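> Give me a model of this one.
(2 chains)
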Amino acid sequence: NAGVMQNPRHLVRRRGQEARLRCSPMKGHSHVYWYRQLPEEGLKFMVYLQKENIIDESGMPKERFSAEFPKEGPSILRIQQVVRGDSAAYFCASSSGRQETQYFGPGTRLLVL
Amino acid sequence: AQSVTQPDIHITVSEGASLELRCNYSYGATPYLFWYVQSPGQGLQLLLKYFSGDTLVQGIKGFEAEFKRSQSSFNLRKPSVHWSDAAEYFCAVVLTGNTGKLIFGQGTTLQVKP
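Numbers count the residues shown, from 1 in each chain, chains lettered A, B, ... in the order given. All right, here's what the predicted structure looks like:
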């Protein structure tokens, strides 16, 4: 039973480009959470999605960031017009329910040049 | 302010010594409580969790944690540390009745001396 998968594992972008991060939850999980880990900081919640719905986006920056979790396919975290401050590790976690245990993927390390 | 606090940023212990990592939370109601471990360049692995019931929780890799309501604490312990335990440890909470998002402490980096 595969765990949570994220790709790419590493992503390099130049300022102004777009970054797309993908997350495939564990089999049977329909709840996805995205977290960001800035250098030398802990993890901060960004957004919580269920299939086709954004449930809680209270941690998402107001501009340039968006997330989706379509009926088919992985969840996508999209960052438009990246800036150096977006450089971080982005982790996805999935669970079988709203307050069930979350299992994390290996993360995507984004570097903005 | 509501928060999760891990007072120790770095801890160094000798291999074979005992370990205790501290975690305190400041929320009105008792949240769900978790400890995760992160090795360099890796994702987070769940060590153990507390939802309710017995306040002493056993986890993987020989770790345990004790929930103390009176102290709003959920400290992680291991009786004998192995070199492979060197990693970063995160305490996290989920507020009951909330959307389930994890609120993390700042993390404690554990170094193990041979």
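
> is it fair to say B:Lys61 lies in a helix?
Yes - assigned with DSSP: H, G, I helix; E, B strand; the rest coil, B:Lys61 falls within a helix.

> Was I right to think it contacts B:Asp85?
Yes - if you go by Cβ atoms under 8 Å, B:Lys61 and B:Asp85 touch, sitting 7.3 Å apart. Quick note: C-beta positions are derived from backbone N, CA and C, even for glycine.

> overlap in contacts of the two?
B:Lys78 (Cβ atoms under 8 Å, 6 or more residues apart in numbering or on different chains).

> So for the two, which sits in the more crowded spot?
Set side by side, B:Lys61 and B:Asp85 show more neighbours around B:Asp85, with 20 against 12, by other Cβ atoms under 10 Å in any protein chain shown.

> Write out the residues of chain B neighbouring chain A.
B:32, B:34, B:36, B:41-46, B:49, B:90, B:92, B:94, B:96, B:98-107 (Cβ under 8 Å from any Cβ of the partner chain).

> are any of the residues you listed buried, and which?
B:32, B:34, B:36, B:43-46, B:49, B:90, B:92, B:94, B:100-107 (16 or more other Cβ atoms under 10 Å in any protein chain shown).

> Out of the residues of chain B next to chain A, which sit inside strands?
Among the residues of chain B next to chain A, the ones falling in strands (DSSP state E) are B:32, B:34, B:36, B:44-46, B:49, B:90, B:92, B:94, B:103-104.

> So A:Phe104 versus chain B, what's the distance?
4 Å (Cβ to the nearest Cβ, to the nearest Å).

> Also A:Trp34?
10 Å.

> Next up, the contacts around that residue.
A:Trp34 sits next to A:23, A:45-49, A:67, A:75, A:77, A:90-93 when contact means Cβ under 8 Å, 6+ apart.
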